[in-house]
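Student: Structure here, sequence nowhere to be found:
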């Protein structure tokens, strides 16, 4: 299985936030994207965990999990900065004030199950970003969410490809 040419990020710049003003509702939306059960922080930690587990049997797949975690770190960094742009404090909590917990992480150890879970989680994250686009007013923030969606859609493609490869190899 040749995994060297897999692209985990869309080669396109991320929009900058412009025209931000204090907006608690927008801050809460961004916090949920960053630190909720479906948020970027959960994805980072889950994919980092999976990279270690997968490394035991399939080092190349483990490195792809790690690369995707790094893309998610980029997303989290942008979201945390956006929280401050809209007047919030970038704590690891969702829009309802629930603090992030490692209980959000799926600690599955079977590669196929990890991939199934990742596909579902990325699809849900995409939906959460799409819903957020409809709820925020700032166009540059909408553009940022749309750009992040492009990466998340690429992650779904990568995870589906890996799943097909894993099923073919019976791993």
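Tutor: Ah, there it is. None of the values given here were measured: they were computed from a predicted structure.
Student: and the helix or strand bottoming out on mean pLDDT in the chain, which residues are buried?
Tutor: Every helix and strand in the chain was compared by mean pLDDT, DSSP states H and E; the lowest is helix 139-169, with a mean of 92. Using 16 or more other C-beta atoms under 10 Å as the test for burial, helix 139-169 gives 140-145, 147-149, 151-152, 154-156, 158-159, 162-163, 165-166. Using the backbone N, CA and C atoms, a C-beta is placed for each residue, glycine as well.
Student: Same question for stretch 40-57.
Tutor: Using 16+ other C-beta under 10 Å as the test for burial, stretch 40-57 gives 40-51, 53-54.
Student: got JSON lines for the residues you listed, with pLDDT too?
Tutor: As requested, the buried residues of stretch 40-57 are exported to JSON lines (pLDDT from 0 to 100):
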{"residue": "40", "pLDDT": "98"}
{"residue": "41", "pLDDT": "98"}
{"residue": "42", "pLDDT": "98"}
{"residue": "43", "pLDDT": "98"}
{"residue": "44", "pLDDT": "98"}
{"residue": "45", "pLDDT": "98"}
{"residue": "46", "pLDDT": "97"}
{"residue": "47", "pLDDT": "97"}
{"residue": "48", "pLDDT": "97"}
{"residue": "49", "pLDDT": "97"}
{"residue": "50", "pLDDT": "96"}
{"residue": "51", "pLDDT": "95"}
{"residue": "53", "pLDDT": "92"}
{"residue": "54", "pLDDT": "89"}
